[in-house]
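# build the 3D model from these lines:
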Amino acid sequence: MTATHSVSRTLAPQDILRLRSENPKSRERDFAQANGITEADYVAAHVGTTAIRLNVDIAAILNGAETLGEVMALTRNESVVHEKIGPYEKVSVGPHASIVLGKQIDLRIFPKAWAYGFAVEKTDNEGNIRRSLQFFNRAGDAVHKIHLRDNSDLAAYDALVAQLRSEEQSQTVETRPAKQTEPTDIATVDVDGFRERWTNLTDVHQFVMLLRDFAVSRKQAVELAGEEFAWELEAGTVESMMNTASETGQPIMVFVGNNGCIQIHTGPVKEIKMMGPWLNVMDPTFHMHLRTDHIHSVWAVRKPTKDGHVTSLEAYDAQGEMIAQFFGERHEGEAERTDWRELVEALPRLARSVAA
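All right, here's what the predicted structure looks like:
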């Protein structure tokens, strides 16, 4: 999933607070970017007033989140914000990955990327206090946020913050830019061997090992796969697909992530609205805000499994990073939905052939 690329400069906490007082209405993330700092720098500057530093203990965070009742879970990257409303349920914590498998909130969490945590309180325009738990990677980019709602359990939240509260309440964080790996020269890849491995996949989860073994990115993989398994689509196909799914009512899966968390919506999408470049989903328990002008290419991708091939729609930015990934609703051991496969296969292909 898409990696964010922060550029941080040295700005003392008091300077951040002063600049903020001069520009109080800007969104936090926009303010941080405009002033050359990271969002984690911005939040840390408020420690002692509206923020509390937390220990990043994934097990305590996720198990504690289960006690909060209904909340809003937010995961984003540079191009899309994914919000799900509901309780944290069915938490499973592991050393390399943790999972939340609730009906509404469905997460894959990669703990090594989580570096900083804060409990944040802010007062909205109506004078209401809005509380959230916010977590950032070493680069200072947000990996996941948990926002309380009117019917969340405030006592459970206070108890969780007290449990997680760090002895270190500094107003600064030591951020460093995300490591940028040099891309593999695609001309050096054994294309025949790569396509043979792709053909012999029996589970979508084997795809990560395929990428690792051939040292290629997801974008390079779809370019190498050949048109039997991947083909590029015309611009605007994400919006077209979402509108069709809305009209037909067919359930889909929407994956959005960063290096620390992948968040998944499963179910229908109903209320689709375009506002400028933003494609917005405004359903009761699912909100998405996607910058369509960040989409550089869209691919339809087939991966073989023991239950038949699985089709995804994948949007990439100009750097080749994945923005979002879409599937038809599917459960382990089930064949892919026919209506989803037909929807994707009917989307217009790019006129020129770009497959290797």
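# in the protein, which residue sits furthest out from the middle?
Within the chain, the residue lying farthest from the chain centre (C-alpha atoms, centre = their mean) is Asp192, at 32.4 Å.
# what helix or strand does that one sit in?
Using DSSP states H and E, Asp192 sits within helix 191-199.
# so after that helix, what's the next helix or strand?
Sequence order places helix 207-214 as the next helix or strand after helix 191-199, per DSSP H and E.
# which strands or helices does that next one pack on?
Contacts defined by 3 or more C-beta pairs under 8 Å, 6 or more residues apart in numbering; DSSP states H and E place helix 207-214 against helix 191-199, helix 218-224. No exception for glycine: its C-beta is placed from N, CA and C like everyone else's.
# hey, C-alpha coordinates of it in PDB?
What follows is helix 207-214, C-alpha atoms only, in PDB (Å, rounded to 0.1, in the frame of the first residue of the first chain):
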ATOM      1  CA  PHE A 207       1.500 -13.000  -3.800                       C
ATOM      2  CA  VAL A 208       3.700 -11.300  -1.200                       C
ATOM      3  CA  MET A 209       6.300 -14.100  -1.400                       C
ATOM      4  CA  LEU A 210       6.200 -13.800  -5.200                       C
ATOM      5  CA  LEU A 211       7.100 -10.100  -4.900                       C
ATOM      6  CA  ARG A 212       9.800 -10.800  -2.400                       C
ATOM      7  CA  ASP A 213      11.400 -13.600  -4.300                       C
ATOM      8  CA  PHE A 214      11.700 -11.700  -7.500                       C
END
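# what strands flank the strand or helix carrying Glu314, and is each parallel or antiparallel?
In the assignment (DSSP H and E), Glu314 maps to strand 310-316. Strand 310-316 pairs in its sheet with strand 297-303 (antiparallel), strand 322-328 (antiparallel), by DSSP bridges.
# before we move on, the earlier item: of all the helices and strands packed on helix 207-214, which one is nearest Arg53?
Closest to Arg53 of these, according to C-beta to C-beta: helix 218-224, at 34.5 Å.
# packing partners for that closest one?
Judged by 3+ C-beta pairs under 8 Å, 6+ apart, the packing partners of helix 218-224 are helix 191-199, helix 207-214, strand 230-233, strand 297-303, strand 310-316.
# contacts for the strand holding Glu314, please.
Applying C-beta atoms under 8 Å, 6 or more residues apart in numbering, the external contacts of strand 310-316 come out as 204, 218-219, 222, 233, 237-238, 241, 295-303, 322-328, 330, 336, 340-341, 344-345, 347.
# can we see that at 6 Å?
By C-beta atoms under 6 Å, 6 or more residues apart in numbering, the list of residues contacting strand 310-316 from outside reads 204, 219, 238, 241, 295-303, 322-327, 336, 341, 344.
# do stretch 173-186 as well
Ala3, Ser8, Thr38, Ala40, Ala44, Tyr116, Arg138, Ala139, Gly140, Ala215, Val216, Gln220.
# for these, which one is nearest Arg165?
Tyr116 (13.7 Å).
# that closest one reaches Ala40, doesn't it?
Yes - using C-beta atoms under 6 Å, Tyr116 is in contact with Ala40, at 5.2 Å.
# and the angle for the helix holding Asp192 with helix 207-214?
Relative orientation of helix 191-199 versus helix 207-214 (axes from the mean of the first three to the mean of the last three C-alpha atoms, to 10 degrees): 160 degrees.
# hmm, back to that, ok, Tyr116 and Ala40, which is more surrounded?
Taking other C-beta atoms under 10 Å, Tyr116 and Ala40 do not tie; Ala40 has more neighbours (28 against 24).
# quick check: which element contains the more buried one?
Ala40 belongs to helix 39-44, assigned by DSSP H and E.
# just to revisit the earlier point, quick one: the contacts of stretch 173-186 as CSV, columns for pLDDT too.
Below are the contacts of stretch 173-186 laid out as CSV (pLDDT from 0 to 100):
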residue, pLDDT
Ala3, 45
Ser8, 48
Thr38, 96
Ala40, 97
Ala44, 98
Tyr116, 98
Arg138, 96
Ala139, 96
Gly140, 97
Ala215, 94
Val216, 95
Gln220, 96
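# any of the residues you listed buried? List them.
Using 16 or more other C-beta atoms under 10 Å as the burial test, the contacts of stretch 173-186 include Ala3, Ser8, Thr38, Ala40, Ala44, Tyr116, Arg138, Ala139, Gly140, Val216, Gln220 as buried.
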